[in-house]
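Student: Any chance you can model this:
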Amino acid sequence: MERVLNQAEQLAEAILDSEEFIKMRLAEQAAMQDEEAAQLLDDYAQKRRNVEDLLSSNELDHVELKRVSEELTVAQNAMDGNLKIKTMREASNDFAGMMNQVNKIIKFVVTGENEEDDGCSGSCSSCGGSCGCGDSCGDGCSDGSGESCGCGNC
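Tutor: Next comes the predicted model:
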């Protein structure tokens, strides 16, 4: 078990050192240090709590729910227009994508199961040489290395 725990710690350290994790943290810091972005995030969180509170109340007021839902949409649209928040979301999505890949690889190695809609398990042999990006892995690789097409899914 000690070997497994050591490997898990090494994986965690590799994740912390990954470009995706570092970009995500830097983007989060930039957004939180930006007064406008931080205010937009706080406003959205408050509007979301208002909707959740109304939905969990015993007597649902549909008129009030419509009003707070519209406020939430306005807050969402304001966040969507903020570059720092957009950058933070993109970095967070990239990190989540990497973590999904890691989890899929672990699942495949441990169980032998591969999700049918899965683009790649991390091994070109598991998908017959296609990672789902349109290029081919392995010998037909578009970057000529014979290992990966460069899409990040191989």
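Student: Residue most distant from the centroid, the protein?
Tutor: In terms of distance from the mean C-alpha position of the chain, residue 59 ranks first, at 35.9 Å (Cα atoms, centre = their mean).
Student: Checking that residue next. Helix, strand or coil?
Tutor: coil (DSSP: H, G, I helix; E, B strand; the rest coil).
Student: Distance from the chain centre to stretch 68-83, please.
Tutor: 20 Å (Cα atoms, centre = their mean, to the nearest Å).
Student: Now it: buried residues?
Tutor: Neighbour-count burial for stretch 68-83 flags 68, 71, 72, 75, 79, 82 (criterion: 16 or more other Cβ atoms under 10 Å). Quick note: C-beta positions are derived from backbone N, CA and C, even for glycine.
Student: Filter those down to the ones in helices?
Tutor: 68, 71, 72, 75, 79 (DSSP state H).
Student: Find the nearest non-adjacent residue to the second one, please.
Tutor: Pointing back at residue 71 there. In space, and not counting its chain neighbours, residue 71 is closest to residue 47: 5.0 Å by Cβ to Cβ, 6 or more residues apart in numbering.
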